[in-house]
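**Q** sequence first, predicted coordinates after that:
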Amino acid sequence: MGKRYSELFRGVVEAVKERQGLIIINTGNGKGKTTAALGLGMRAWGQGFKVLVLQFIKGNWKYGELQAAARMGEDFVIRQLGEGFVRHAKDEALADHKDAAEDALLDARKEMMSGKWDMIILDEINYAIKFGLVSTEAVLALLEAKPQSLHLVLTGRDAQQAIIDQADLVTEMCVVKHPYKKGIPAQQGIEF
Ligand code: ATP
Ligand code: MG
């Protein structure tokens, strides 16, 4: 009898230890969405996790985090997807951007299913949805396919309600003050 109980107890402890991969969203108009995602990535990396950051908007990555990732080594990788997308493509360029965005989503899915990563950060994916580069449905399908143990982080303004509905942790950054308003130029180590 005692033995059976201890076996049962061990089963419970193992269940608790099993990782529950979360869907996390950082959205809102205030600064800090990408910064907070990188902070999570650093914390996870410190725990021995393998972290992949995929960039959906061209040129969003700044010198500071690229240099940090290069020093952190192969368990913290930052990559631009496809061609990357500009923030305000002209109409005629939009079709190309959409093709690139679809490829980017396929890439993201491939990495997600590879089992290589413990955390994947899809930076600015909310913006890519809002801009019409990728559909909400395609991103919902991606969330649906997420391996149980993977932590998936989505950043960008204007997160869609349907995506928020599927998330476990959603934080909205709100602007109280931004130095930009006072005309203070971008500061090294803060903005890049
Ligand atoms: P960060 O990368 O600093 O965490 P973010 O991811 O929250 O910023 P994005 O929407 O990706 O913000 O915008 C990127 C750039 O826009 C950053 O250089 C950031 O400082 C700037 N920015 C963010 N919020 C504001 C704001 N409310 N007013 C002016 N500039 C802003
Ligand atoms: Mg950002």
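**A** Now that the structure is in, tell me what you want to look at. Ligands and ions are numbered 1, 2, ... in the order given.
**Q** now the helices for the chain?
**A** 2-17, 33-46, 63-72, 91-113, 125-130, 136-144, 161-166 (DSSP state H).
**Q** per-stretch mean pLDDT over those, give me the minimum one.
**A** Ranked by mean pLDDT, the helices of the chain bottom out at helix 2-17, which scores a mean of 64.
**Q** got the residues of the chain near ligand 1?
**A** Within the chain, the positions adjacent to ligand 1 are 29-35, 155, 157, 173, 175, 178, 180, 191 by C-beta under 6 Å from any ligand atom. Using the backbone N, CA and C atoms, a C-beta is placed for each residue, glycine as well.
**Q** among those residues, which lie within strands?
**A** Mapping the residues of the chain next to ligand 1 onto strands (DSSP state E) picks out Thr155, Met173.
**Q** which of the residues of the chain next to ligand 1 lies closest to Ile120?
**A** Nearest to Ile120 out of the residues of the chain next to ligand 1 is Thr155 (C-beta to C-beta; 11.8 Å).
**Q** doesn't Val51 make contact with Asp75?
**A** Yes. The pair formed by Asp75 and Val51 meets the contact definition of C-beta atoms under 8 Å, at 6.7 Å.
**Q** of those two, who's got more company?
**A** Val51 (26 against 15; other C-beta atoms under 10 Å).
**Q** ok, Ile78 - contacts?
**A** Neighbour list for Ile78: Val53, Gln55, Trp61, Glu65, Leu66, Ala69 [criterion: C-beta atoms under 8 Å, 6 or more residues apart in numbering].
**Q** tell me, how many residues neighbour the last one?
**A** Taking other C-beta under 10 Å as the criterion, the count of residues near Ala69 is 22.
**Q** spatially central residue in this protein, please.
**A** Ile121 (2.3 Å; C-alpha atoms, centre = their mean).
**Q** select only the buried ones of the contacts of Ile78 in PyMOL?
**A** Buried subset of those, written as a PyMOL selection, criterion 16 or more other C-beta atoms under 10 Å:
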select buried, resi 53+55+61+65+69
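**Q** now the residues of the chain next to ligand 1 as CSV including neighbour count and distance to Ala108?
**A** Output for those, formatted as CSV (neighbours: other C-beta atoms under 10 Å; distance: C-beta to C-beta, whole Å):
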residue, neighbour count, distance to Ala108
Asn29, 12, 25
Gly30, 14, 25
Lys31, 16, 25
Gly32, 15, 23
Lys33, 26, 18
Thr34, 21, 16
Thr35, 14, 21
Thr155, 27, 13
Arg157, 16, 19
Met173, 17, 23
Val175, 12, 29
His178, 11, 30
Tyr180, 12, 31
Glu191, 14, 26
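**Q** ok, and which of the residues of the chain next to ligand 1 reach ligand 2?
**A** Filtering those for proximity to ligand 2 by C-beta under 5 Å from the ion leaves Lys33, Thr34.
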